[in-house]
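Chemist: pasting the sequence and the predicted model now:
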Amino acid sequence: MRRPGVWWRGKSTPAKVETYTRWSFHFVAVVTIAGVGLPAVGQVGARFVVPVLLAVCGHGVFCALTASRVLDWTRGNRELPVRLLWALGGVTALLGVAALVLFEHGGNGSGTESGAAMLSVTVPSYGFGTIALAVRDRRRTLVMAAGVATGVAGVGLLVGLPAAAALGTAGVTLITTALFAGTSHLSVWLLDTVYTLDEARETRARLAVAEERLRFGRDLHDVMGRNLAVIALKSELAVQLARRGRPEAVEQMIEVQRIAQESQREVREVVRGYREADLSNELAGAQGVLTAAGIECEIRGSATGLPAQVQPPLGWVVREATTNVLRHGNAERCTVSLLVADGQVTLTVENDGVTEDRSDSTLRRGSGLVGLRERLTEVGGVLRAGPADGGVFRLTAVVPLPAPVPSVPVASVPVPSVPVPSVPVPAVPVPSVPDASERDAASRRPASPAPYPAPHRDADADPDPVSGVTS
């Protein structure tokens, strides 16, 4: 059997609010019986003790049962208990009339009159205030409270109460019924608001996943759209060239093959970037998500300067730990520590609000921790998870830093001096440049006739069978 503290901590925040609301209405029944019913029983005559006690206790239990069923209806777990509500209204009206009759004709003692007056106000107020849980319209609730007060005044006048007493009882009944009904409406509104906020948080997480999928789809479209268009165009061109027997079709298909291989490489880069988790971004994202969920998150340490080989697996550890804090517990505080010492990186995530049974079920059934161990094993790391002292759950990942590449000093090698033989350079005669008179004489000489143009040869003409020259 679980302890009460463990049972309470094992509930989510909306479940805690719902449990608190239900037990509040049960507690009101107990307070009504102990604080109003028992004093009234002590004031009435001896012959009315047992009937009044049974009536008050039965009415309180009936109201608590009806409140529980109506709260189930507000959460969508069952249909509206219409018959139960009508039955509670009838029982409340009968007990109110009986209290007014007892108030007027129960005896001559002042104790009987005061006890009956107390019941004539409390019973209708508590009963119809419970019925107000099923009334969503506030105007109808006010009309119902006014109707209860009017009924109390009318019945009081019918049983012989003075007009002042009847109106005073009706006025008090109107105020108490309105308070009970307002409390019921406020409780249901608070419960609906808490569940709506919880659903909004889940919707926000789903939208974040959908947005990431859209981003991935856009990246694939940008990478593959242009390449596929070029492949289709060049393939069509290669088909046309192949039909004409042109050798350029082979070159076009080689280009298509190259583009296809380039597309494969780009897709792998996109998928690799989608799967890899940057540690700095994951730490900032975890702090933002946990803070938005109402969990105090503290980040100790920085991922700046860590090697690129250790950041993706540690980023996945942060992502999975954040998911576990949101899903498997009811944490109020979470601490993420990053420590670099002794050639290794230690990432520790601690959170409260996790019970022993939930931590055991998380360790046994959670597939996320198995995937984290596989990722850390690839880089030589280890993962430890389990409850720790102080009622916290601790997740620790240790990854060794990659060994630095030793720098090998390059020794200076003396380079021997090799004598270069002298090669004699021969004298090159420099042509003489004619002077101005010679240039003028050359310009006055008649130009030599142009050579006779070669005859045009037809490429398709047959060569001469003797000389082999084409005619």
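Modeler: Arrived safely, thanks for sending.
Chemist: tell me, what residue is most central in the protein?
Modeler: Of all residues in the chain, the one closest to the mean position by C-alpha atoms, centre = their mean is residue 205, 1.9 Å from it.
Chemist: show me what the one helix or strand that residue maps to is packed against.
Modeler: When elements are assigned from DSSP states H and E, residue 205 belongs to helix 163-243. Packing partners of helix 163-243 (3 or more C-beta pairs under 8 Å, 6 or more residues apart in numbering; DSSP states H and E): helix 13-32, helix 49-74, helix 110-131, helix 138-158, helix 248-275, helix 279-292. Placement of C-beta: from N, CA and C, glycine included.
Chemist: please identify the most buried of these.
Modeler: helix 110-131 (a mean of 24; mean count of other C-beta atoms under 10 Å).
Chemist: quick one on the thing from earlier: make CSV from the helices and strands packed on helix 163-243 and add distance to residue 315 and mean pLDDT to it.
Modeler: Converted to CSV, the helices and strands packed on helix 163-243 look like this (distance: least, C-beta to C-beta, whole Å; pLDDT from 0 to 100):
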stretch, distance to residue 315, mean pLDDT
helix 13-32, 28, 86
helix 49-74, 42, 87
helix 110-131, 53, 74
helix 138-158, 51, 85
helix 248-275, 11, 83
helix 279-292, 4, 83
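Chemist: would CSV of the ones you listed with distance to residue 312 be doable?
Modeler: Shown next, in CSV, are these (distance: least, C-beta to C-beta, whole Å):
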stretch, distance to residue 312
helix 13-32, 33
helix 49-74, 46
helix 110-131, 58
helix 138-158, 55
helix 248-275, 8
helix 279-292, 8
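Chemist: between the ones you listed, which gets nearest to residue 198?
Modeler: Closest of the helices and strands packed on helix 163-243 to residue 198 is helix 13-32, at 4.8 Å (criterion: C-beta to C-beta).
Chemist: show me the contact partners of the closest one.
Modeler: With contact meaning C-beta atoms under 8 Å, 6 or more residues apart in numbering, helix 13-32 is reached by 8, 11, 56, 60-61, 63-64, 67-68, 71, 75, 122, 126, 130, 187, 190-191, 194-195, 198, 294, 330.
Chemist: what does the pLDDT read for residue 239?
Modeler: In the predicted model, residue 239 carries a pLDDT score of 92.
Chemist: that one: neighbour count?
Modeler: If you count neighbours by other C-beta atoms under 10 Å, residue 239 ends up with 12.
Chemist: quick one: contacts for the nearest residue to it once chain neighbours are set aside?
Modeler: Leaving out its chain neighbours, the residue that sits closest to residue 239 by C-beta to C-beta, 6 or more residues apart in numbering is residue 249, at 7.7 Å. By C-beta under 8 Å, 6+ apart, residue 249 lies in contact with 238-239, 241-242.
Chemist: which pair in those spans the largest distance?
Modeler: Across those, no pair lies farther apart than 239 and 241, at 7.4 Å, counting by C-beta to C-beta.
Chemist: tell me what angle the helix holding residue 205 forms with helix 13-32.
Modeler: Relative orientation of helix 163-243 versus helix 13-32 (axes from the mean of the first three to the mean of the last three C-alpha atoms, to 10 degrees): 170 degrees.
Chemist: any idea of the angle helix 163-243 forms with helix 138-158?
Modeler: 160 degrees.
Chemist: show me where pLDDT drops low in the stretch 301-450 of the chain?
Modeler: Counting by pLDDT under 70, the stretch 301-450 of the chain shows low-confidence ranges at 328-329, 355-367, 404-450.
Chemist: what ranges do the helices span in it?
Modeler: Per DSSP state H, counting those that start in this stretch, the stretch 301-450 of the chain carries helices over the ranges 311-327, 356-365, 367-378, 436-444.
Chemist: measure the residue nearest to residue 239 to residue 232 for me?
Modeler: Distance of residue 249 to residue 232, computed by C-beta to C-beta, to the nearest Å: 15 Å.
Chemist: hmm, back to that, buried subset of the contacts of residue 249 as a PyMOL selection?
Modeler: Buried members of those, defined by 16 or more other C-beta atoms under 10 Å, are picked up in PyMOL with:
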select buried, resi 238+241
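Chemist: would JSON lines of the contacts of residue 249 with distance to residue 382 be doable?
Modeler: Formatted as JSON lines, the contacts of residue 249 follow (distance: C-beta to C-beta, whole Å):
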{"residue": "238", "distance to residue 382": "54"}
{"residue": "239", "distance to residue 382": "57"}
{"residue": "241", "distance to residue 382": "60"}
{"residue": "242", "distance to residue 382": "59"}
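Chemist: residue 394: which of the contacts of residue 249 is nearest?
Modeler: residue 238 (61.9 Å).
Chemist: setting aside sequence neighbours, what's the nearest residue to that closest one?
Modeler: Closest to residue 238 by C-beta to C-beta, 6+ apart is residue 252, at 3.8 Å.
Chemist: can you tell me how far the one you found sits from residue 262?
Modeler: Taking C-beta to C-beta, one finds residue 252 at 16 Å from residue 262.
Chemist: now residue 16
Modeler: Separation of residue 16 from residue 262 (C-beta to C-beta): 56 Å.
Chemist: just residue 290 next, same as before
Modeler: Noted for residue 290: a distance of 42 Å to residue 262, by C-beta to C-beta.
Chemist: about what we covered before: which residues sit in contact with the residue nearest to residue 238?
Modeler: Contact analysis of residue 252 by C-beta under 8 Å, 6+ apart lists 234-235, 237-238, 241.
Chemist: at 10 Å instead, please
Modeler: By C-beta atoms under 10 Å, 6 or more residues apart in numbering, the contact list for residue 252 reads 233-242, 246.
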